[in-house]
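1. 3D model of this:
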Amino acid sequence: MTPPLPLDGRIALVTGASTGIGRVTARELAREGACVFLACRSEARARPVIDEIRRLTGRDAAFYLELDLADSASVRRCAEHFLRRALPLHLLVNNAGLAGARGLTRDGFEMAFGVNHLGHFLLTRLLLPRLQASAPARVVTVASKAHVRAPAVDWEALRRPTHSFSGIGEYASSKLANILFGAELARRLAGSGVASYTLHPGVVDTEVWRALPRLLRPLLRLRGLLSPEDGARTTLHCALRAPASESGAYYDRCRPCLPSAMARDPQLAAELWRRSEDWMA
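-> Take a look at the predicted model:
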């Protein structure tokens, strides 16, 4: 097995780190020696995680950053607050997400797409110069096997409120966008010392499903939900053990695997990047 990358003195930023996979990811990165910034909507909810990390590590290894991925102004403030600290950034984990939520973000995009993809796209783009200056560095984006259910991309639908009853179709499209983004990021960063990975964590018992209609939640239970600890394994593998030569790969169960044909389409990835840049300009 590849030994983990040394994290002593390294800086990581994890979105959605107050619960679930993000909480476990932040905790384990800190235990490996990293200083971790928890980018979350609520400081009150992040505080127990920060306190837990400080107890486990015996040092000030965790800090809060306010971040609402449904609001590009909040994303910009989060990046600015981090960059003002004049610290390096060695690891960005785009973990936060939601499924089943309905409506529009504050910027007028379908909720799942806006939060799961556009918010993370903007955050990554704003932090990219710092990541490049801190190389070797990594960007790890939590996607989902649900991307295989995504229909052909309807660019206009991304500017309209959630249409489906369950929101799962929109969730699938947002996770397809995560994988396309991760692959395009790797292509753009080739030779820079910054690697990009996307992954399927499994179907995990976390608050990502909090907005799913109640009558559909028992169906998830029947599938056998993983614990957040098990769900974080592949994230941590990509952060600590995945070879830099596999930048751009999509991982499942700590191994690279092929995503759907649409997720492997470089022209679609480039078009998504172009539109995302225009939308978040």
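
2. tell me the strands in the stretch 101-250 of the chain, going along the chain?
-> 137-142, 194-200, 250-252 (DSSP state E, counting those that start in this stretch).

3. Counting by contacts, list what the shortest one packs against.
-> Counting by 3 or more C-beta pairs under 8 Å, 6 or more residues apart in numbering; DSSP states H and E, the packing neighbours recorded for strand 250-252 are helix 168-188, strand 194-200, helix 233-240, strand 255-257. All C-beta atoms are positioned from the backbone trio N, CA, C, and that covers glycine.

4. mind listing what's buried in the longest one?
-> What that stands for is helix 168-188. 168-186 (16 or more other C-beta atoms under 10 Å).

5. So which residues of the chain form helices?
-> Assigned by DSSP state H, the chain shows helices spanning 20-31, 43-57, 72-83, 111-112, 120-133, 168-188, 217-222, 228-231, 233-240, 266-279.

6. can you give me how far the shortest one is from the chain middle?
-> This points to helix 111-112. Offset of helix 111-112 from its chain centre (C-alpha atoms, centre = their mean, to the nearest Å): 14 Å.

7. show me where pLDDT drops low in the stretch 1-150 of the chain?
-> 1 (pLDDT under 70).

8. how about a cut-off of 90?
-> Within the stretch 1-150 of the chain, the stretches with pLDDT under 90 are 1-6, 99-102.

9. swap in the stretch 151-281 of the chain?
-> Using pLDDT under 90, the flagged stretches of the stretch 151-281 of the chain are 151, 163-169, 202-228.

10. For stretch 81-92, which outside residues touch it?
-> 7, 10-13, 29, 34, 37, 65-66, 123-124, 126-127, 130-131, 133-134, 136-140, 239 (C-beta atoms under 8 Å, 6 or more residues apart in numbering).

11. Grab the CA positions of that stretch and hand them over as PDB.
-> C-alpha atoms of stretch 81-92 as PDB (Å, rounded to 0.1, in the frame of the first residue of the first chain):
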ATOM      1  CA  HIS A  81     -10.900  35.500   4.500                       C
ATOM      2  CA  PHE A  82      -8.600  32.500   4.000                       C
ATOM      3  CA  LEU A  83      -6.300  34.300   1.500                       C
ATOM      4  CA  ARG A  84      -5.900  37.200   3.900                       C
ATOM      5  CA  ARG A  85      -4.100  34.800   6.400                       C
ATOM      6  CA  ALA A  86      -1.200  34.500   3.900                       C
ATOM      7  CA  LEU A  87      -1.000  30.800   4.500                       C
ATOM      8  CA  PRO A  88      -0.200  28.100   1.900                       C
ATOM      9  CA  LEU A  89      -3.000  25.700   0.900                       C
ATOM     10  CA  HIS A  90      -2.000  22.100   0.200                       C
ATOM     11  CA  LEU A  91      -5.300  20.300   0.100                       C
ATOM     12  CA  LEU A  92      -8.800  21.500  -0.800                       C
END
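
12. Tell me which residues of that stretch come out buried.
-> For stretch 81-92, using 16+ other C-beta under 10 Å, the buried residues are 82, 89-92.
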